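Engineer: quick one, what's the 3D model for this:
(one chain, ligands or ions: 2)
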Amino acid sequence: MSDDPLPPSSPTPASGRPTARTAAVIPAAGRGVRLGPGAPKALRALGGTPMLVHAVRAMADSRAVSLVVVVAPPDGAGEVKSLLDANAVPERTDVLVVPGGETRQESVKLGLDALPPGYDIVLVHDAARPLVPVDTVDAVVEAVRDGAPAVVPALPLADTVKQVEPAAAPGAPEPVVATPDRSLLRAVQTPQGFDRATLVRAHETVTDDVTDDASMVEQLGLTVVTVPGHEEAFKVTRPLDLVLAEAVLARRRLNDGF
Ligand SMILES: Nc1ccn([C@@H]2O[C@H](COP(=O)(O)OP(=O)(O)OP(=O)(O)O)[C@@H](O)[C@H]2O)c(=O)n1
Ligand SMILES: C[C@](O)(CO)[C@H](O)COP(=O)(O)O
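Structural biologist: Numbers count the residues shown, from 1 in each chain. Ligands and ions are numbered 1, 2, ... in the order given. This next block holds a predicted model:
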């Protein structure tokens, strides 16, 4: 929990200014092909606890978030419900589970469709980013509360990036065509935060394949803004990421004294 947490989503804040209620949608329906064979990625253990449970707790740790909608593997919603019943999340947070779709985009849309009325801010957070710190979550919510229609946590790039001509055959050399100015590029993470009406409109309007929700809002012609991301919000994608995630968790547990 942050030292100076955001006030809970509530219609009666001390300031008198209505505070929009915030829900988080967690797409968790992916298979995790790049992680290698095994259970769906969100259900794989990290420090003995499924990655999805870490991700749900990461959202629920923010006092701003009062509902979490988990988008489960299409045939695994029952299993995910039981899993979440058996693993504590703070009582002030409600949890809903719905089945997901074939793509991340479809899964997010199914999560959005299941959102009850009364939540005006929506976070979309990958189950595959189980270790995002609460301060990052709070910074995203705060920027949306301050009026941004779409907010992404972002980090500068450590590597030089090349644009290439795609290889003629797998493994063949790829001609480099450009070296973009790295200082203008950012790697973006989740949770991405949205004014709900904007995110719903984006999902109803944009039909291109995209890799994140903010790019759908960009396609509506609206401005997406960044807040500082966090190294520990990295996405568990390949086997080495799991090794790093275990190390980060072990360090946290050592620091917390258990
Ligand atoms: N049909 C899908 C595909 C992905 N996701 C979710 O989107 C997030 C980001 O996706 P990624 O890390 O690419 O996960 P996978 O699609 O599972 O990975 P891979 O491409 O290696 O199979 C994950 O939390 C994943 O569960 C989803 O809800 N529904
Ligand atoms: C949403 C995301 O995590 C932002 O970095 C990313 O775009 C997901 O991409 P993936 O292709 O599903 O790994």
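Engineer: need the longest helix for the protein.
Structural biologist: As assigned by DSSP state H, the longest helix anywhere in the chain is helix 239-256.
Engineer: return the distance of it from the chain's centre.
Structural biologist: Distance of helix 239-256 from the chain centroid (C-alpha atoms, centre = their mean, to the nearest Å) equals 19 Å.
Engineer: touching ligand 2 at all, it?
Structural biologist: No. Using C-beta under 6 Å from any ligand atom, helix 239-256 never reaches ligand 2; the gap is at least 11.0 Å. For glycine as for every other residue, the C-beta is placed from the backbone atoms N, C-alpha and C.
Engineer: kindly report the same for stretch 143-159.
Structural biologist: No. Applying C-beta under 6 Å from any ligand atom, one finds stretch 143-159 out of contact with ligand 2, separated by at least 7.7 Å.
Engineer: now do the end-to-end distance for that stretch.
Structural biologist: In stretch 143-159, first residue to last residue: 28 Å (C-alpha to C-alpha, to the nearest Å).
Engineer: same check on stretch 210-222?
Structural biologist: Stretch 210-222: ends 16 Å apart by C-alpha to C-alpha.
Engineer: now the longest helix of the chain: average pLDDT?
Structural biologist: Average pLDDT, helix 239-256: 96.
Engineer: equivalent analysis for stretch 124-141, please.
Structural biologist: Stretch 124-141 comes out at a mean pLDDT of 98.
Engineer: circling back: and the longest helix of the chain, which residues are buried?
Structural biologist: Within helix 239-256, the residues scored as buried using 16 or more other C-beta atoms under 10 Å are 242, 245, 248, 249.
Engineer: and what of stretch 49-61?
Structural biologist: Under 16+ other C-beta under 10 Å, the buried positions of stretch 49-61 are 50, 51, 52, 53, 54, 55, 56, 57, 58, 59, 60, 61.
Engineer: how about the residues of the stretch 101-250 of the chain near ligand 1?
Structural biologist: Counting by C-beta under 6 Å from any ligand atom, the stretch 101-250 of the chain sits next to ligand 1 at 101, 102, 103, 104, 107, 126, 127, 128, 235, 237.
Engineer: swap in 5 Å and give it another go.
Structural biologist: For the stretch 101-250 of the chain, the residues in contact with ligand 1 (C-beta under 5 Å from any ligand atom) are 103, 104, 107, 126, 127, 128.
Engineer: name the nearest of those relative to residue 36.
Structural biologist: residue 128 (13.8 Å; C-beta to C-beta).
Engineer: the closest one contacts residue 42, correct?
Structural biologist: Yes. Judged on C-beta atoms under 8 Å, residue 128 makes contact with residue 42 at a distance of 7.1 Å.
Engineer: for the buried residues of stretch 49-61, give me JSON lines that also has pLDDT, secondary structure and distance to residue 221.
Structural biologist: Converted to JSON lines, those look like this (pLDDT from 0 to 100; DSSP: H, G, I helix; E, B strand; the rest coil; distance: C-beta to C-beta, whole Å):
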{"residue": "50", "pLDDT": "96", "secondary structure": "strand", "distance to residue 221": "39"}
{"residue": "51", "pLDDT": "97", "secondary structure": "helix", "distance to residue 221": "35"}
{"residue": "52", "pLDDT": "97", "secondary structure": "helix", "distance to residue 221": "34"}
{"residue": "53", "pLDDT": "97", "secondary structure": "helix", "distance to residue 221": "38"}
{"residue": "54", "pLDDT": "97", "secondary structure": "helix", "distance to residue 221": "36"}
{"residue": "55", "pLDDT": "98", "secondary structure": "helix", "distance to residue 221": "31"}
{"residue": "56", "pLDDT": "97", "secondary structure": "helix", "distance to residue 221": "33"}
{"residue": "57", "pLDDT": "97", "secondary structure": "helix", "distance to residue 221": "36"}
{"residue": "58", "pLDDT": "98", "secondary structure": "helix", "distance to residue 221": "32"}
{"residue": "59", "pLDDT": "98", "secondary structure": "helix", "distance to residue 221": "29"}
{"residue": "60", "pLDDT": "97", "secondary structure": "helix", "distance to residue 221": "34"}
{"residue": "61", "pLDDT": "96", "secondary structure": "coil", "distance to residue 221": "34"}
